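kindly generate the corresponding structure for this input.
(chains A, B, C and D, ligands or ions: 4)
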Amino acid sequence: MALTESAPVGVAGLTRERLRSMYQDMLLGRLLDQRVLVLNRQGRAPFAISGQGHEGAQVGVGYALRRDYDWIIPYYRDITLVLVMGMTPRDQLMAALARAGDPNSGARQMPAHYSSREHNIVTGGSPVATQILHAVGVAQAFKYRGEDKVVVASVGEGGTSEGDWHEGLNWAAIHQLPVIFLVENNAFAISVPQALQMAVEHVSDRAAGYGMPGQSVDGGDVLAVYRAASEAVARARGGGGPTLLEANCVRLQSHSSDDDQRRYRSAEDLDEMLRHDPLERFRVDLESSSILADGEADQMRQECQKVIDAAQAEADQAPAPDPASALDYVYGEA
Amino acid sequence: MALTESAPVGVAGLTRERLRSMYQDMLLGRLLDQRVLVLNRQGRAPFAISGQGHEGAQVGVGYALRRDYDWIIPYYRDITLVLVMGMTPRDQLMAALARAGDPNSGARQMPAHYSSREHNIVTGGSPVATQILHAVGVAQAFKYRGEDKVVVASVGEGGTSEGDWHEGLNWAAIHQLPVIFLVENNAFAISVPQALQMAVEHVSDRAAGYGMPGQSVDGGDVLAVYRAASEAVARARGGGGPTLLEANCVRLQSHSSDDDQRRYRSAEDLDEMLRHDPLERFRVDLESSSILADGEADQMRQECQKVIDAAQAEADQAPAPDPASALDYVYGEA
Amino acid sequence: MPEITYVEAVRDALRDEMRRDDRVIVMGEDVGVKGGVFGATQGLFQEFGGERVIDSPLAEAAIVGVAIGCALAGLRPVAEIQFLDFIPPAMDQLISEAAKIRYRSNNDWSCPMVVRAPCGGGVHVHGALYHSQMLEALFAHVPGLKVVLPSNPYDAKGLLLAALRDPDPVCFFEHKGLYRSMRQEVPEEEYLVPIGQGKIVRPGRDITCFTYGATVHEVLTAAENLSRDEIEVEVVDLRTVRPLDRGLIVESATRTGKVLVAQEANLAVGVGAEVAAIVAEECFQSLDGPVMRIGGPEIPAIPFAESLAEVYCLGPAKIETKLRELAAY
Amino acid sequence: MPEITYVEAVRDALRDEMRRDDRVIVMGEDVGVKGGVFGATQGLFQEFGGERVIDSPLAEAAIVGVAIGCALAGLRPVAEIQFLDFIPPAMDQLISEAAKIRYRSNNDWSCPMVVRAPCGGGVHVHGALYHSQMLEALFAHVPGLKVVLPSNPYDAKGLLLAALRDPDPVCFFEHKGLYRSMRQEVPEEEYLVPIGQGKIVRPGRDITCFTYGATVHEVLTAAENLSRDEIEVEVVDLRTVRPLDRGLIVESATRTGKVLVAQEANLAVGVGAEVAAIVAEECFQSLDGPVMRIGGPEIPAIPFAESLAEVYCLGPAKIETKLRELAAY
Ligand SMILES: Cc1ncc(C[n+]2csc(CCOP(=O)(O)OP(=O)(O)O)c2C)c(N)n1
Ligand SMILES: Cc1ncc(C[n+]2csc(CCOP(=O)(O)OP(=O)(O)O)c2C)c(N)n1
Ligand SMILES: [Mg+2]
Ligand SMILES: [Mg+2]
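Ligands and ions are numbered 1, 2, ... in the order given. Next up, the predicted model:
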């Protein structure tokens, strides 16, 4: 277990406090995600898409970044990553319930289309992989202005089949731009398994073909992700160019609230996944190295639920968008 | 010199006759190419794009294929490849002079947009790299029907930056399709040098990332290309899937009749290229191994010129397309 | 005759034609084991196998581009784009390649293929900006393509069979709001609905409303309401928007003298503009009022929140108001 | 005032704005050392260096997508597409992304950028099917974009400067037939031509001809010919096709009562259809004849052979015939 190596003073250069905070963020992401699914099943949130199983990858990467300094261009599974970067459960529940106060889009987009200029979270649409090119452009701007900021763009392994992904990695490598291409590989693109998506074992096998470093990490191991991401961030910040970082995750839930993965995945496969739950693994590690005391995880869970309950209460009361506003902001003022 | 190894009985499994025929095709392609440029300078052919310097790659690949059985989807520099596959100088001069008898398109497209259903040369448009996906589809059809045909799609190294290229290689590798991706790398995409096109040294470095074999060969060495292509063809025909084959060529002329490469390439660079002229190299090799006798190359040249002269005479006399026909063939008959 | 839904009609047409013609193959995201995100290819993988029902990589240009290659090599491919909103990456393959292959090769090559995609949205459908668009105008502008938008199960089956036998590329856009909401008696046996023919789905003498897709049903509701006041609206379901049924358009407009064109898509430079322009040019002397249009407002697409979505969507009430305005003219 | 060509006007606008505003950067194929295949970026690489004038890989989606990223991060990128015919691979980035960024983020983000591309063809230009297209309709349909097509050097400079300062994505399509064929006095100092305003380039009382791009000049020639017979055609250069200058369209059409719309692009579902539809709806009572259109026929684009190209292209004679037909109505 990586974790126990240097505990109790902390691991991977992380203090005990920071490790606990990482766990708490993973937990908050998980519980918030569960809440959104409940709201969906209750018929109150019309659509939900889950990040459960990706929390290790997301917190590992998020903690390697400087919040409100570095940029991210997330994708729809990044519920926990955007929490790390500064979004709140309130923000997200406003989106889930399509409230005017949804800071992502004012309830113009489906939930999980994250955006916050305040927190350097770039707006995304639904077309898969377009954001890869935006990240390259953001990095090009950083380089042009001589800033040492870094941008992370995330996507699923299915998204790497799109032309935009190729064009983006190629451009970033040519110009040695400070961008990290995070692939959260959960082995499925809706129902399509990885073997029908690519003929290589690891997405990171593609990095060499672009002339950039590539690495595959166990996305179930938040600290392994943190280490790999920190390396990539340091390289990018120091002018060393882009990195392709693949985090192997599990998709614990179906693709979205419109999908039922039992229709195309075997029961064994679904069972096996549970063994790779990043949240459970991290809890066990933290407890076995006494960074979390017995019962503390439960206490954290209750605190998180309180935050979420309060957020939901606020979102419940919040107004829907004013119809008149639907016509606003197609164009800016010249 | 690869050639002299097994001469005079022939090399690379090729008889003396076949070697001479290869030289003759390279020569014919070169001389036809020169004629089109002359017609352009005379103001008679509105547009010309040259394949000079690519003849080794094209003949090497063409001879590895079964004519009127295998398929090609060429690009605009493949003047010599299409000759090998069955087009004639007459066909090409009809296109250069925009005659109704142009079999490629009836003078609807610019010259060098090769097409011939009769010879399994698939129609192409101008957008770079779209043909890669068509080749994959053709190969998918071969596989579906259980045919042992092979399709070659060619493109320049610049074209590999397009999303379509990525999507095509990926698909072909997943389904192990009988397609050869030929990249004629002449180090420039119009004025853009390879280093601004990709951060790797060889296009073939990308093959591994798709899970397919990749090879770089000296496109100035027609027999080296022939060997590599034959291997790829055998693999594809035998169900072994796609290959990425890069042939390093020189672009002896400017990008097209609208370009002047002296404006962006150094005199030394332009001079140095001449040393890699595939036609000259092959002639020297064939002569030094007595496959071509002294003076025979000149004689062949004269014969080729005669063929071209006759073709031009025919094209000169041929009528322009009938204006009324401009509206035909937007749709077929249901 | 059995009653089936719209999406079942699509699936039946695919299945029947695959049984009849082994050149027909299907490719797209999740079309295999899962049977498509809306079930339009349900059962096909099980019946015809992975060689004919191909779960593609997540790459729309490839789905269309590979289908083009299959067509060039003699197959009859069906390319499914999961949502019409995700067709733009394939636009180059569609408008630069598929549409121009016959013309550019002077009839030497051709590209018979069908590109299917669910389109459209509406209040109570949670599609939002990128799972609701009507983009048919982008393809209706392009010579070499045909563009079909059936409004009911009967037409869906008959038009899809016609598309599958068409010698050229056909864009077949299915309104997902109708997929399960609409049942209809549909013959089990084969029949073709010809591409390029509109249909008078409600005859009337006072106004013609040209429309297509899901909007047909909204217009019909509005027309019924007007009928109570003895204003009789003729409703023409265009069914194909390229080529348009010019003859029917001119005939009906000339007869009624008043025209409203209703479309779900954004109004500007849309199919409705073409219909209006045809009427304005060819029926000038018969017109008793301005040629009117109603359609999507000047915002990108249908927003997520219902309160906002209502602003985008037409619905019978808005159409009725417009029809009354025209009737009163 | 110096006389300069259209392409020099484009280059001057780029250069002047790059000197004034270091957020402006240029990217595209061959825009660097070579200065663009038509010379529109000549000298910029030498003056501003490779960090601001970027020779991109051969990848149009990337050119537009990376430019979007630059805009999101506060730059003012100019993306050059080498020929408008090669913009379809970038369509997704333009219509799904650039056009929707402000709206989808509820005004939190914006995307100020200019996408430049040479467009159009004509007899004696050897562009053929893929180096001649007018594809503005595909973008004019899309809320969130602005689409500009200047017809002369003065407008090219003034509109490009306006585009470079616009808060939103602007498609700037330059007619390559005009690049060197047209010289005009153009102020050296800065001036803006506002986006969204058409211009009466020839006043007339009998007919209004709405047009844009290179066709403006063909219409003007035709109008002069009609003037000899005392038929006075008002020629309106729309200049911007999204948003259209609705006020001017309605005003002029109402005044003359007869309207021809002339465009180089394929006619069906084009910009001309929108103009005709606006006129048919808003000027009904003033019309003295059918709203007519003239434009590209139902073939994919301009063929290579001159004998075929003539069938596609308008030219003053065909326009004159149509105007006379309308005048005689
Ligand atoms: C361009 C485009 N095509 C299709 C879709 C529909 N779609 C949404 S997510 C998805 C699968 C994505 O799989 P992957 O990239 O592996 O990410 P994951 O959902 O597994 O995290 C698909 C096909 C889309 N949103 N955009
Ligand atoms: C999609 C597209 N973009 C741009 C062009 C313009 N163009 C034609 S050839 C070319 C350069 C191609 O370079 P490369 O692929 O290396 O082939 P080469 O000409 O060197 O053989 C460019 C940019 C095009 N035809 N299609
Ligand atoms: Mg996945
Ligand atoms: Mg090259």
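
the host helix or strand of residue C:251 and chain B, are they touching?
Under the criterion of DSSP states H and E, residue C:251 resides in helix C:246-256. No - Helix C:246-256 does not reach chain B (Cβ under 8 Å from any Cβ of the partner chain); its nearest approach is 15.2 Å. In short, each C-beta sits where N, CA and C put it, glycine included.

what's that helix packed up against?
Where contact means 3 or more Cβ pairs under 8 Å, 6 or more residues apart in numbering or on different chains; DSSP states H and E, helix C:246-256 is packed against strand C:207-211, strand C:233-237, helix C:271-282.

could you check the angle it makes with strand C:233-237?
170 degrees (axes from the mean of the first three to the mean of the last three Cα atoms, to 10 degrees).

may I have helix C:246-256 exported as PDB, CA atoms only?
Extracted in PDB, the C-alpha atoms of helix C:246-256 (Å, rounded to 0.1, in the frame of the first residue of the first chain):
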ATOM      1  CA  ARG C 246     -42.500  22.300 -55.700                       C
ATOM      2  CA  GLY C 247     -45.600  21.300 -57.600                       C
ATOM      3  CA  LEU C 248     -47.700  20.700 -54.500                       C
ATOM      4  CA  ILE C 249     -46.400  23.800 -52.800                       C
ATOM      5  CA  VAL C 250     -47.400  26.000 -55.700                       C
ATOM      6  CA  GLU C 251     -50.700  24.200 -56.300                       C
ATOM      7  CA  SER C 252     -51.900  24.500 -52.700                       C
ATOM      8  CA  ALA C 253     -50.700  28.000 -52.200                       C
ATOM      9  CA  THR C 254     -52.300  29.100 -55.400                       C
ATOM     10  CA  ARG C 255     -55.600  27.500 -54.300                       C
ATOM     11  CA  THR C 256     -55.800  29.000 -50.800                       C
END
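
mean confidence score for the very next helix or strand once past that helix?
Next helix or strand after helix C:246-256 toward the C-terminus (DSSP H and E): strand C:259-266. Mean pLDDT, strand C:259-266: 98.

show me the contact partners of the longest helix that chain C contains.
Longest helix in chain C by number of residues (criterion: DSSP state H): helix C:6-20. Helix C:6-20 has contacts (Cβ atoms under 8 Å, 6 or more residues apart in numbering or on different chains) with C:4, C:24-26, C:38-44, C:47-48, C:52, C:78, C:116, C:150, C:152-154, C:156-158, C:160-161, C:164-165, C:174-175, C:178-182, C:184, C:186, C:188, C:190.

now do the strands in the stretch 151-300 of chain A.
Secondary structure of the stretch 151-300 of chain A (DSSP state E, counting those that start in this stretch): strands at A:151-156, A:179-185, A:188-189, A:192-193, A:214-218, A:243-248.

redo those strands as CSV? Include mean neighbour count and mean pLDDT.
Shown next, in CSV, are these (neighbours: other Cβ atoms under 10 Å in any protein chain shown; pLDDT from 0 to 100):
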stretch, mean neighbour count, mean pLDDT
strand A:151-156, 28, 98
strand A:179-185, 29, 98
strand A:188-189, 23, 98
strand A:192-193, 20, 98
strand A:214-218, 20, 98
strand A:243-248, 28, 98
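
now distance to residue B:153 too, for those, in CSV please.
Listed next are these as CSV, based on distance: least, Cβ to Cβ, whole Å:
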stretch, distance to residue B:153
strand A:151-156, 27
strand A:179-185, 27
strand A:188-189, 26
strand A:192-193, 25
strand A:214-218, 27
strand A:243-248, 27
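
residue nearest the centroid of chain A?
residue A:78 (2.8 Å; Cα atoms, centre = their mean).

just checking, it touches residue A:57?
No - at 9.3 Å, residue A:78 and residue A:57 do not qualify as touching, with contact defined as Cβ atoms under 8 Å.

for ligand 1, what is the nearest residue in the stretch 51-200 of chain C?
residue C:86 (3.8 Å; Cβ to the nearest ligand atom).

who's in contact with that residue?
A:126-128, C:60, C:117, C:130.

same deal with residue A:101?
So residue A:101 contacts A:94, A:315, A:318-319 (Cβ under 8 Å, 6+ apart).

what about residue C:328, neighbour count?
With neighbours defined by other Cβ atoms under 10 Å in any protein chain shown, the count for residue C:328 comes to 8.

so it versus ligand 3, what's the distance?
Distance of residue C:328 to ligand 3, computed by Cβ to the ion, to the nearest Å: 56 Å.

and for residue A:197?
From residue A:197 to ligand 3 the distance is 8 Å (Cβ to the ion).

once you drop chain neighbours, what's closest to that residue?
In this structure, residue A:197 finds its nearest non-sequential neighbour in residue C:57, 5.1 Å apart by Cβ to Cβ, 6 or more residues apart in numbering or on different chains.

the one you found touches residue A:194, doesn't it?
No - with contact defined as Cβ under 8 Å, residue C:57 does not reach residue A:194; the gap is 10.2 Å.

surely residue A:50 is in contact with residue A:38?
No - assessed by Cβ under 8 Å, residue A:50 is found out of contact with residue A:38, at 11.5 Å.
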